[in-house]
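> compute the structure for the input listed below.
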Amino acid sequence: MHTFGLKDEHINLGQLLKATGLVGSGVDAKIVVQEGLVKVNGKVCYMLCKKIVSDDIVEFENEKIEVV
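Modelled structure (predicted):
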């Protein structure tokens, strides 16, 4: 599991996927989220703009990111 340190109170899911290198672009982020390939705290998330906060865990393609 990797960690990602927040600079603000939250980050949008799409931005997190790009910032961690799990996807190459915003378009890629939109596609994988819309296809139900991303989980937030163990549940599939279809909201690209979901606010990710400290202690959330994001999963995509067998990678887990813990947000701190």
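> could you pull out the strands for the chain?
Applying DSSP state E to the chain gives strands spanning 2-4, 11-12, 38-40, 43-44, 51-52, 57-60, 63-67.
> tabulate those (a markdown table), appending distance to Lys18 and mean neighbour count.
(Each C-beta comes from the backbone N, C-alpha and C, glycine too.) Converted to a markdown table, the strands of the chain look like this (distance: least, C-beta to C-beta, whole Å; neighbours: other C-beta atoms under 10 Å):
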| stretch | distance to Lys18 | mean neighbour count |
| --- | --- | --- |
| strand 2-4 | 11 | 12 |
| strand 11-12 | 10 | 19 |
| strand 38-40 | 12 | 20 |
| strand 43-44 | 19 | 10 |
| strand 51-52 | 12 | 18 |
| strand 57-60 | 12 | 19 |
| strand 63-67 | 12 | 15 |
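> now the longest helix along the chain: mean pLDDT?
Assignment by DSSP state H gives helix 26-34 as the longest helix of the chain. Averaging pLDDT along helix 26-34 gives 98.
> and that helix, what does it pack against?
helix 13-19 (3 or more C-beta pairs under 8 Å, 6 or more residues apart in numbering; DSSP states H and E).
> pull out the buried positions in the helix it packs on.
13-14, 16-18 (16 or more other C-beta atoms under 10 Å).
> dump the residue contacts of the spatially closest residue to Ile11 that is not a sequence neighbour.
Nearest residue to Ile11, sequence neighbours excluded (C-beta to C-beta, 6 or more residues apart in numbering): Ile52, at 5.3 Å. For Ile52, the contacting residues are 10-13, 16, 40, 58, 67, by C-beta atoms under 8 Å, 6 or more residues apart in numbering.
> what about 6 Å?
11, 13, 16, 67 (C-beta atoms under 6 Å, 6 or more residues apart in numbering).
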